[in-house]
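*Asks:* Next comes the sequence, and after it the predicted model I'd like to discuss.
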Amino acid sequence: MNLSLNEIEALCKKAARGAGMSWGLAEEAAKAARWLSAQGMEGPALLAAQLRLNDGTDYAQLAPRIEADRWSSAGRSMCPLIAGATLSDHAQLITGGSAIVLEAVSCPVLLAPFASRLASSRGEAVALSWPGCHLYFDAAGTMFCGPASDPSAGDVVAVTCEISPAQVNSSVVKGPAPAVAEAVLSYLTGLASRTYVPATEASRAQGAGSTLSDND
Amino acid sequence: MKLARIGAFHQSRLSFMRQLLRRMKRENWVFERPAWTIESTGVGRAVYTATGPARCYSLVAFAHDLDPSMRSDRVIATAWDATFTLFDGVPTEADLDRLEANVPKQEAGRISSQELCLARANRSVRLFDHVVEALAEGRQPDMNFVEEVGYLMRTTAVYGSGKFGASDRDRVAEREELSAPFQAEMLTVFLIRAFTLDLVEHLARTRAPQSAVAIEPHNRRRFGVGNSTGLGMAPFLMNHPVLLNNWVMARETALQRVRSVRVPTPDEIDVFRDFVERAANDAGHWHSGHELQVKRIKQLRQDFVLLRDKIAEGLAAEYPWDALYRWSESTLSLEGQEQLVSLLLEPYGALVDELGDTMRADEQSAFPIHGEMKIAALRDILDTHGQWVSEIDFAEERNRALFWYVSEEKLEPRIGQRFTEPGQELEQPLAVARDVYLLQEALKSAGGNETVAAFLLRHPEHRHIVRRVQLAPQYPYADIQDNLIGQEMLPIDLLRCKLSFFGAIRFDPRSDRWVRINMYKNAPFPHELDRHPADDWSYPRLTQQEQKS
């Protein structure tokens, strides 16, 4: 199904919340999915893949443990949405020229929206790389893909995030938002529905405050 | 910025309807009705095209034969008297067929990025039937009845911004004519109004071709479009803090500019006096069945008596508007004070209209959290801008009595009783004051030199509220400074605030959770825009009879 970016963001926010993220992180996850879709990538599908891993896992197991240039994971792998939001929070705290290695990140391409924001908020180019993929973000946050790169590559990988990298031959990533596969839609809708409250007799009577006739 | 105050806002020169009509007149927009295939049963389709200097937009209307038992304004309805979409450009026959297969289904259909809005409306059956009957018999409708109801149809939803597959706002926000908020939605409703009047005249003509008459233009303009709005709209103001700030900031700046006028010209004073009379007359026609609003309208009428007396005493020689405004703060009800604010702007289009350009928002750039901020600085923001929260005692149950949730059955925002209804663990993040309070509590154990980034890594549950708090210094009107989960909270205050910025009038709450309004009442129709004075319709000029009374 073709969804507008607004619909993608709204659905993904509820789904991320339904999968257990805090509201603030769910907002980040939704913006990330929207951003990827706006570049022509499959934002909802990528998010769905990560939410399958997050669902039922404690935050502490998904969050990065931060040291100066090496972020490690308490669990099997760190969640790129939490790591990405944390990276974005550290935008002004990262020293130029240095690289941060994020050990064991799942669905690494979900870091891209945050790297874009990192680049534009610092006004400096940023590179993200992991085995099989090199992504570059210019100072405006525009994403470029390195030669022979596959952003969907990598299951659980170490990702290097660098400020002011050397430019290499790369092409801009841009395209119309692809249709969302039914399976993805149905998975995300299912997660979203966990945020809804079932009706009761009291809520049916009171919830919308409607007692007067509206047919007049 | 308290709920009771924003719940007393009135339309003004900055309202989005008035911005739209000013632009369309200034730019000489041309309006046409390239398609009209409505049968005598009232079923069929019509297209209205509005052409501006750069682009055109078309309202595609579908008129239906609705079983009266299906007629409901609730968002849960599945059939309507008429359904609409605003098409980006001029639709082809193929577009119209695609739209006909989807638009009548509303939420259950899909539209595309070529459409900007999706809307539907129901008849006010009693007025609709009366008008058709009168016109068919060659009579004008009973204008007292028209005045009492105000519209032939009520819209029950006007969706935009990417809803149900429609174009994202990002795609069109840079177009000059759509850059101010809700311009596509306001255009949709403006054209729907024209459609509803064309429809009754058409039905009268098909019923009695020999005797039917059209509505006289003066009477015709007394019809607006109704709207029925419920809780679905309420979270908008909390979910768009920067936008809310920009709306209120524009209004406050406009008021400030007018209060800074040292000596008004005689013309400006005349315009103000004229608008006081017009608005006072209009308030005489404002009716509501809701106890709260009945009281407010009564107060407003009393306020007009006081205001006229005050003006008759004579205005101050210098800074008279400032003096009048200060007087109102200690004398008039909130309804009256906010009405005065709107009236003070009327003579000063040259001073305030440009502020309409500041009412859009760049919400993307306000989104990232400033993680480098020290906790001490975050506490400073809370101390400076969050004082209002400390006035609420969250230890008391009545201050936590409500919770906002999304209903599984209707997929719509609802408000529940926290202590008697299930579901509070699924609360939506709309309890701003309570969440600020929880943040303040959590910050007590954080070091002042710690960064927000480090704090949020430990406390992701406070992320949404930290984002909000960080907006406060730059956006002083981003938050409604009230308890949105207190037992006494009135959701209709939230609705009225937003609807007043649209330009709505005649607020008529049907409960504390939904409200009926009127839009575009007294406005010129599309085909009249070029020959009517610019932006002079919000309160109609008084008839001779009204002037005498």
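*Replies:* That came through, no problem.
*Asks:* what's near enough to touch A:His134?
*Replies:* Each residue near A:His134 by C-beta atoms under 8 Å, 6 or more residues apart in numbering or on different chains is listed here: A:127-128, A:145-146, A:149, A:168, A:170. Glycine gets a C-beta too; all of them are placed from N, C-alpha and C.
*Asks:* try it again with 6 Å
*Replies:* Contact analysis of A:His134 by C-beta atoms under 6 Å, 6 or more residues apart in numbering or on different chains lists A:146, A:149.
*Asks:* Surely it forms part of a strand?
*Replies:* Yes - per DSSP: H, G, I helix; E, B strand; the rest coil, A:His134 lies within a strand segment.
*Asks:* Tell me if the longest helix seen in chain A is near chain B.
*Replies:* Looking across chain A with DSSP state H, the single longest helix is helix A:23-38. Yes - using C-beta under 6 Å from any C-beta of the partner chain, helix A:23-38 comes into contact with chain B via A:23-25.
*Asks:* And the closest residue to B:Gly423 other than its chain neighbours, how far from B:Ser511?
*Replies:* Nearest non-adjacent residue to B:Gly423, counting by C-beta to C-beta, 6 or more residues apart in numbering or on different chains: A:Val197, 3.5 Å away. Separation of A:Val197 from B:Ser511 (C-beta to C-beta, to the nearest Å): 20 Å.
*Asks:* Show me which of those two is the more surrounded one.
*Replies:* Here A:Val197 and B:Ser511 are compared on neighbour count by other C-beta atoms under 10 Å in any protein chain shown; more neighbours surround A:Val197, at 23 against 16.
*Asks:* Dihedrals phi and psi, the more buried one?
*Replies:* Geometry field for A:Val197 lists phi and psi as phi -100, psi 130, criterion degrees, to the nearest 10.
*Asks:* Tell me the bridge partners for it.
*Replies:* Counting by DSSP bridges, A:Val197 is bridged to B:Ser407.
*Asks:* Contact partners for it?
*Replies:* B:405, B:423, B:426.
*Asks:* Can you check the pLDDT for the first one?
*Replies:* The one in question is B:Tyr405. The score at B:Tyr405 is 96. That number is its pLDDT.
*Asks:* Check whether it really touches B:Gly423, as I assumed.
*Replies:* Yes - at 5.3 Å, B:Tyr405 and B:Gly423 qualify as touching, with contact defined as C-beta atoms under 6 Å.
*Asks:* hmm, back to that, which of the residues of helix A:23-38 next to chain B lies closest to B:Ser228?
*Replies:* A:Trp23 (29.9 Å; C-beta to C-beta).
*Asks:* Any idea how many residues pack against B:Glu488?
*Replies:* 13.
*Asks:* and it, which of the three is it?
*Replies:* B:Glu488 carries the three-state label coil when classified by three-state DSSP.
*Asks:* Distance of it relative to chain A?
*Replies:* Applying C-beta to the nearest C-beta, to the nearest Å, one obtains 15 Å for the distance of B:Glu488 from chain A.
*Asks:* For burial, what's the neighbour tally of the nearest residue in space to that residue that is not next to it in sequence?
*Replies:* Computed as C-beta to C-beta, 6+ apart, the closest residue to B:Glu488 that is not its neighbour in sequence is B:Arg398, at 7.9 Å. Residues lying near B:Arg398 (other C-beta under 10 Å) number 13.
*Asks:* from the contacts of A:Val197, which is closest to B:Asp95?
*Replies:* Of all those, the one with the least separation from B:Asp95 (C-beta to C-beta) is B:Tyr405, at 38.6 Å.
*Asks:* Does that closest one belong to a helix, a strand or coil?
*Replies:* Assigned state for B:Tyr405: strand (three-state reduction, three-state DSSP).
*Asks:* Now do it against chain A, distance only.
*Replies:* According to C-beta to the nearest C-beta, B:Tyr405 and chain A sit 4 Å apart.
*Asks:* residues touching that residue, list them.
*Replies:* A:197, B:414, B:416, B:423, B:426, B:428.
*Asks:* Can you tell me how far the residue nearest to B:Glu488 is from B:Ile505?
*Replies:* 34 Å.
*Asks:* At which residues are the strands of chain A located?
*Replies:* Per DSSP state E, chain A carries strands over the ranges A:64-66, A:70-73, A:99-106, A:126-130, A:133-137, A:143-145, A:156-163, A:171-172, A:196-197.
*Asks:* Same list (those) but as a markdown table, adding mean pLDDT.
*Replies:* A markdown table is the format used below for those (pLDDT from 0 to 100):
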| stretch | mean pLDDT |
| --- | --- |
| strand A:64-66 | 95 |
| strand A:70-73 | 93 |
| strand A:99-106 | 94 |
| strand A:126-130 | 93 |
| strand A:133-137 | 93 |
| strand A:143-145 | 93 |
| strand A:156-163 | 93 |
| strand A:171-172 | 84 |
| strand A:196-197 | 96 |
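*Asks:* show me where the stretch 151-300 of chain B has strands.
*Replies:* Applying DSSP state E, counting those that start in this stretch to the stretch 151-300 of chain B gives strands spanning B:151-159, B:224-229.
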